[in-house]
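K.L.:
here's my sequence, what's the structure:
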Amino acid sequence: MSTIAIHPTFNRRPTSAPQLRLTRRGRLVVTLFFLGVLMALFTAFGSSVVATGERGAPMETQTVVVGDGDTLWDIAGQYADAGETRAMIRRIVELNSLASTTIHSGQELAIPVD
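P.N.:
Numbers count the residues shown, from 1 in each chain. Now for the predicted structure:
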């Protein structure tokens, strides 16, 4: 009877490449690199504002003082063309840089005059 001896090196599993491990400094460098790439993309493809040194045409306005019980709808309705009250409200809000359509008694509003 013959015997076969198996050498221990034949039973080894193939070893995989060591996993990549980053140190704290390496993670910081990778993070800063990706943030830099992200900022460059935002700068290149982000929205841009174009401004000129020329003044625009001034808008003719009238100043109105808000009374007790007045609403922006009522005030806009007095100065808007028929059926254009909502558009006038938008113009008043934009012209006066209002955060909302809420107005208070005694407040001065600039109203565009067409």
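K.L.:
shouldn't residue 88 be in contact with residue 79?
P.N.:
Yes - between residue 88 and residue 79 a contact is recorded at 6.1 Å, counting by C-beta atoms under 8 Å. Quick note: C-beta positions are derived from backbone N, CA and C, even for glycine.
K.L.:
and those two? Which one has more around it.
P.N.:
Using other C-beta atoms under 10 Å, the more surrounded residue of residue 88 and residue 79 is residue 88, with 21 against 17.
K.L.:
need phi/psi at the closest residue to residue 71 other than its chain neighbours.
P.N.:
Leaving aside its sequence neighbours, residue 71 sits nearest to residue 103 (C-beta to C-beta, 6 or more residues apart in numbering; 7.3 Å). For residue 103, the backbone dihedrals (degrees, to the nearest 10) come out as phi -120, psi 160.
K.L.:
list the contacts of residue 103.
P.N.:
By C-beta atoms under 8 Å, 6 or more residues apart in numbering, the contact list for residue 103 reads 66, 70-72, 75, 109.
K.L.:
number of residues surrounding residue 72?
P.N.:
Neighbour number of residue 72 under other C-beta under 10 Å is 20.
K.L.:
for it, give me its contacts.
P.N.:
If you count contacts by C-beta under 8 Å, 6+ apart, then residue 72 has 89, 92-93, 101-103 around it.
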